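Engineer: Turn this into a structure:
(2 chains)
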Protein chains: 2
Amino acid sequence: MPWMNLRRASSAMVDLPVARAGESWRETLDRTALVPRGFGFFRRRLSFVPVERPASQPCEMNLAWLHNQGPEYSAAAVTTSNRFPGAPVVLTRERLARGVVRAILVNTKVANVAAPGGLETARRVAAAAAEAFSLPREEVLSVSTGVIGWGLPLEEMLREIPSLSQGACGAGGFAEAIMTTDRYPKAAWTSLDPDGPDPDGPDRDGTDRDGTDRDGTDACGGPVILGVAKGAGMIEPHLATMLAFFVTDAAVPPDMLDRVLRRVTEKSFNRLSVDSDQSTSDMVVALANGASGCSVGEAELEAAWQPLADRLALEIVRNGEGTSHVIEVVLKGFPSSSLAGNVGRHVVNSPLVKTAIFGNDPNVGRILMALGDGLSRYDREGIMDTSRLVMTIAGREVYRQGAFLLDQETEELLCASLRATAMDPVLAGVPQDRGTVRIVLDFPGDDREDVRVIGSDLSDEYLRVNADYRT
Amino acid sequence: MPWMNLRRASSAMVDLPVARAGESWRETLDRTALVPRGFGFFRRRLSFVPVERPASQPCEMNLAWLHNQGPEYSAAAVTTSNRFPGAPVVLTRERLARGVVRAILVNTKVANVAAPGGLETARRVAAAAAEAFSLPREEVLSVSTGVIGWGLPLEEMLREIPSLSQGACGAGGFAEAIMTTDRYPKAAWTSLDPDGPDPDGPDRDGTDRDGTDRDGTDACGGPVILGVAKGAGMIEPHLATMLAFFVTDAAVPPDMLDRVLRRVTEKSFNRLSVDSDQSTSDMVVALANGASGCSVGEAELEAAWQPLADRLALEIVRNGEGTSHVIEVVLKGFPSSSLAGNVGRHVVNSPLVKTAIFGNDPNVGRILMALGDGLSRYDREGIMDTSRLVMTIAGREVYRQGAFLLDQETEELLCASLRATAMDPVLAGVPQDRGTVRIVLDFPGDDREDVRVIGSDLSDEYLRVNADYRT
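Structural biologist: Coordinates of the predicted model:
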């Protein structure tokens, strides 16, 4: 996905819940997540032998089911701009044209991209799931993440789908079921009611967590937005898909849901640059059912939603198995956010910058090189005055007036700062609120909107997992 | 540097010389290289402690000197398009404006980029070298490769430069002296006279190898072109600079030399994409002195020169310490070579494609993903009809009519083909004529010119060296 223009401070991130001793992160999410009324989650597991590799060991596939029980069925989606979209993307675009979605079937392991007859297979598994839950088949999506080029194991899926309804689970369980190589399930939620329940308070710590049992008879029961996401790229990029689902029990007309989803996505998921490629299957879907009995204003919805998307987007980068540092490039003084975004992506995607940061090496020369190369590509008219560049890393000014300001102390400070932002592998299984490696590329002048791009470093683990995947 | 449009078959590569037992590759080059009359090579070594790191161990720096004794001093250069060019690039552009260069001083270890007072320092070392050889100081270049942000160790260089003339060496010795992390020195040469001397024949195997002693009194002594190059990126990208020098004793006016250099570079070095960034110091310089007494036609010069540049460009990718496979993407049926080049670069730069190929994993899905993402970026009008794509890898068709053609046998064939093109580390110190991983992305239709882009895979060695450089 393309870069984004970050119009708001990133500090407005939602807080993470507090885990209890002995509890997995999935259990923490199941216990604490606010689930909008009228949404249910289900999961199952199956085995299959890919027809493309008859001699191989059986593969495991998760099925996950996100069910909207209404009363409304507003839906919106943002899908990949990759020119070879997978069958699930094609089907989603087709079904979203009506703006009504009652349920989403997600499968892992096989992306259903460029497989012979893939669109027809996607229709068949969606229809089977619709039948199992007695829904109109045109109002069910089939979303896939996994190996590109393989076909869905139709028989095995058709056999397992009818038992999905026996696999009710919480939001954490759903978030876990859609994971491929993510290290922990990712969910974020908020209440749209300022006087709404405390996410960690005892009043939310009951059996109403699955979101289906709450009493929806209040005139306005404090609508909730919940988002879950799985990661992009990084580890097993066969499964490189970024998927995010947002559900709310506020009443939101489809066109408004679509507008807000697009704006929120542009400012969150579209700011990521992990592998530099956009997957054939990336998708962000939002569903709204009005079960809270409350309408919500467009601005209010966006203000509540954005931090959830920001949090999930950051977690996607942070959680990649290959990520040690999260790199944050802030671009100031660019005449257009489009130019700034392209240049920022170029810097954050530079393998030389990524590897230096992985090695806790404050290699400022590589950043200058990547910036200069990015400008030569995207600023063809030479609008940017390079002599004005001021570069700041981790709060320390390192470049001004055409020359670096380097000495032993600066170098040591930058090294220490890089070490401090590296992920601790011991904590890989839970979210970490570590800082980013913050690189500010400032061309002082007119006061223009800052643009921020976020990416990951390039670690030996990335290499190992990506190169070893099938050999 | 940007991609290139390859108008000629790559099979016209010049042959490598044959090494003798017990001989280093530098010695092989010194023994076999054709050196144009009137060009001399010199080298020295010095130690210094960088002022930016007073507490560190001393660093070693090579000085190399390329001397044109005339009678003519035609010169041309192509320099980086990076928007933060190093001081040597600025100085070269300035001095090339007159088209006369008598000598080039090359130093390793410090790139003299964005160092305070860097341009003045470059002038001072060039002047000192000019004085040592009694040349006009405006006709000497200072070319640097090494750490960005550090200043040249002026005192140590001024102390060593006067002894350069005692360090006469052969073409192999010069090629070795400009190396940073290259595994072997790179040189290629050819005779412009079809009846010229045999490169390996005994008539060339004498003391005239340094090119300064040959008798230049013949009316036309069979002019020669010799190129030497050092590698880009890959290993120690502080020293990521790609440098290439071509010298000829044909009589070539500066404007013609400039035209041919640009065309030859566009079709060779500009087709590389190694780290995806263009260094702040990349430079290709050509010198011609007419010492052979022969003029040469522009077409004849280009036809003889191109294979040398092609060979050196391929060697630069092949020889990167981090390169295991050379990836060759051939794009067919694109409406413009610019679109094809951008998309091809996007594919060859995709970390997902690079890591898969490093792992000998014929992960065709990643190639499709990278192609689809590249098209979404560069083919904004949607000119390319993706349904027409035919993808061929290693001569095997793997994708047609919107779906992959995958089975166990194809997979095994592709795996075997990838293994066969991987570099054997045992042979790292000498050039290897291994094949490339050839990916053809064909949109059959009008018969348009093919565009070829060459890049490297992404190996654990790349990671290790790039991340460990300063920590």
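Engineer: would you list every one of the strands in the stretch 151-300 of chain A?
Structural biologist: Along the stretch 151-300 of chain A, counting by DSSP state E, counting those that start in this stretch, strands occupy A:168-169, A:186-191, A:224-230, A:243-248, A:272-273, A:283-288.
Engineer: Give me the average confidence score over the fifth one.
Structural biologist: Okay, so that is strand A:272-273. The average pLDDT for strand A:272-273 rounds to 72.
Engineer: How about the last one?
Structural biologist: Confidence for strand A:283-288, expressed as mean pLDDT, is 95.
Engineer: Quick check: the gap between the closest residue to A:Val296 other than its chain neighbours and A:Asp258.
Structural biologist: Closest residue to A:Val296 apart from its sequence neighbours, by C-beta to C-beta, 6 or more residues apart in numbering or on different chains: A:Ala250 at 4.2 Å. Where you see a C-beta, it was placed from the backbone N, CA and C, and this is true even at glycine. Using C-beta to C-beta, to the nearest Å, A:Ala250 is found at 15 Å from A:Asp258.
Engineer: and the helix or strand containing A:Glu27, how far out from the chain's middle?
Structural biologist: Assigning secondary structure by DSSP states H and E places A:Glu27 in helix A:25-32. Mean-position distance between helix A:25-32 and its chain equals 19 Å (C-alpha atoms, centre = their mean, to the nearest Å).
Engineer: Taking strand A:224-230 as reference, get the angle to the helix or strand following that helix.
Structural biologist: For helix A:25-32, the following helix or strand on the C-terminal side (DSSP H and E) is strand A:39-48. Orientation check (axes from the mean of the first three to the mean of the last three C-alpha atoms, to 10 degrees): strand A:39-48 against strand A:224-230 gives 20 degrees.
Engineer: Quickly run through the sheet partners of strand A:39-48, with directions.
Structural biologist: Taking DSSP bridges as the criterion, strand A:39-48 forms sheet pairs with strand A:59-68 (antiparallel), strand A:168-169 (antiparallel).
Engineer: The closest residue to A:Pro335 other than its chain neighbours: how many residues sit nearby?
Structural biologist: Once flanking residues are discounted, A:Pro335 sits nearest to A:Ile383: 5.8 Å by C-beta to C-beta, 6+ apart. Look at A:Ile383: counted by other C-beta atoms under 10 Å in any protein chain shown, it has 12 neighbours.
Engineer: A:Ile383 reaches A:Ala340, doesn't it?
Structural biologist: No - counting by C-beta atoms under 8 Å, A:Ile383 stays clear of A:Ala340, with 11.5 Å between them.
Engineer: does A:Gly365 sit in a helix, a strand or a coil?
Structural biologist: Following DSSP: H, G, I helix; E, B strand; the rest coil, we place A:Gly365 in the helix state.
Engineer: what's near enough to touch it?
Structural biologist: A:Phe404, B:Ala111, B:Val113, B:Ala114, B:Val147, B:Ile148, B:Gly149, B:His238, B:Thr280 (C-beta atoms under 8 Å, 6 or more residues apart in numbering or on different chains).
Engineer: The last one: neighbouring residues, count only.
Structural biologist: To tie it back to what came earlier, the one meant is B:Thr280. 26.
Engineer: do the first one as well
Structural biologist: Applying other C-beta under 10 Å, we find 22 other residues in the vicinity of A:Phe404.
Engineer: For it, list the residues it contacts.
Structural biologist: A:Val364, A:Gly365, A:Leu368, A:Val398, B:Ala114, B:Ala115, B:Pro116, B:Gly149.
Engineer: and A:Glu60, what does it touch?
Structural biologist: A:Arg45, A:Leu46, A:Ser47, A:Lys109.
Engineer: Show me the one in these that has more neighbours than the rest.
Structural biologist: A:Lys109 (22 neighbours).
Engineer: so that one touches A:Gly146, yeah?
Structural biologist: Yes - between A:Lys109 and A:Gly146 there is a contact at 4.1 Å, judged by C-beta under 8 Å.
Engineer: For chain B, what's its nearest residue on the stretch 51-200 of chain A.
Structural biologist: A:Ile148 (2.6 Å; C-beta to the nearest C-beta).
Engineer: Leaving out the residues flanking it, which one is nearest to that residue?
Structural biologist: Counting by C-beta to C-beta, 6+ apart, A:Ile148 lies nearest to B:Gly365, which is 2.6 Å off, once chain neighbours are set aside.
Engineer: pLDDT at that neighbour, what is it?
Structural biologist: Per-residue pLDDT puts B:Gly365 at 87.
Engineer: do the same with the one 5 residues further on
Structural biologist: Listed pLDDT for B:Ala370 reads 90.
Engineer: Roughly how far does it sit from chain A?
Structural biologist: Counting by C-beta to the nearest C-beta, to the nearest Å, the gap from B:Ala370 to chain A is 5 Å.
Engineer: Is it correct that A:Val364 is in contact with A:Val398?
Structural biologist: Yes - contact criterion C-beta under 8 Å: A:Val364 and A:Val398 qualify, at 5.1 Å.
Engineer: what is in contact with the two at once?
Structural biologist: By C-beta under 8 Å, 6+ apart, A:Val364 and A:Val398 have these common neighbours: A:Met391, A:Phe404, A:Leu406, A:Leu414.
Engineer: Columns pLDDT, secondary structure and distance to A:Thr180 on top of those, output as a markdown table?
Structural biologist: Formatted as a markdown table, the shared contacts of A:Val364 and A:Val398 follow (pLDDT from 0 to 100; DSSP: H, G, I helix; E, B strand; the rest coil; distance: C-beta to C-beta, whole Å):
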| residue | pLDDT | secondary structure | distance to A:Thr180 |
| --- | --- | --- | --- |
| A:Met391 | 96 | strand | 37 |
| A:Phe404 | 92 | strand | 41 |
| A:Leu406 | 82 | coil | 42 |
| A:Leu414 | 90 | helix | 34 |
